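>>> no FASTA, just this:
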């Protein structure tokens, strides 16, 4: 499961996610994992200037990220990691559905609070609860 951020708007890219398919990135991560003989979670952050650009990797971490987004897109990362921790060999992660949108409701409100006055926080909260202004069609993860 790979997630990408929406353009920065009220709520921020870190608050809104959309699942994407990036076969080249997936192949690179698999290669990194194989060469490291990795046996757990591994996440990467990268910059992609356009859909056909070469990914520029900026960060790699040994942790599980976005498990609820992945689950809603069809990949149960938690189950896969549990299998690994029990010494089992998972059959592999299925391809997730691209285009599944999620958001962190609390993060969106916090971003609005940090960026502006209390009125913006209220507006972000109201938009979230009404499923308006970029929060549709999404699933809240909190």
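Cool, the structure landed. Just so it is clear, the structure is predicted and the values come from calculations on it, not from any experiment. Numbering: from 1, shown residues only.
>>> On the three-state scheme, residue 95 is what?
Following DSSP: H, G, I helix; E, B strand; the rest coil, residue 95 is assigned to coil.
>>> how many neighbours does it have?
Number of residues near residue 95 (other CB atoms under 10 Å) recorded here: 13. C-beta here means a position set from N, CA and C on the backbone, and glycine is covered the same way.
>>> which non-adjacent residue is nearest it?
Of all residues not flanking residue 95 in the chain, residue 21 sits nearest, at 6.7 Å (CB to CB, 6 or more residues apart in numbering).
>>> Surely the one you found is in contact with residue 96?
Yes - applying CB atoms under 8 Å, one finds residue 21 in contact with residue 96, separated by 7.5 Å.
>>> If you count surrounding residues, which of the two has more?
residue 96 (21 against 14).
>>> and the gap between that one and residue 37?
Noted for residue 96: a distance of 25 Å to residue 37, by CB to CB, to the nearest Å.
>>> low-confidence ranges in this structure?
1-15, 105-142 (pLDDT under 70).
>>> Can you show me the helices along it?
Using DSSP state H, the helices of the chain run over residues 23-36, 67-72, 77-85, 105-115, 118-130.
>>> so what's residue 94 up against?
74, 75 (CB atoms under 8 Å, 6 or more residues apart in numbering).
>>> could you redo the last one with a cut-off of 6 Å?
residue 75 (CB atoms under 6 Å, 6 or more residues apart in numbering).
>>> Nearest residue to residue 61 in space, ignoring adjacent ones along the chain?
Nearest one to residue 61, counting by CB to CB, 6+ apart, is residue 43 at 5.2 Å.
>>> What about that neighbour, how many residues nearby?
Residue 43 has 16 nearby residues by other CB under 10 Å.
>>> what about it, distance to residue 52?
Residue 43 is 23 Å from residue 52, by CB to CB.
>>> before we move on, what about residue 81?
For residue 81, the distance to residue 52 - CB to CB - is 32 Å.
>>> Neighbour count: the two, which is higher?
residue 81 (16 against 7).
>>> Pull the contacting residues for the more buried one.
Per CB under 6 Å, 6+ apart, neighbours of residue 81: 41, 64.
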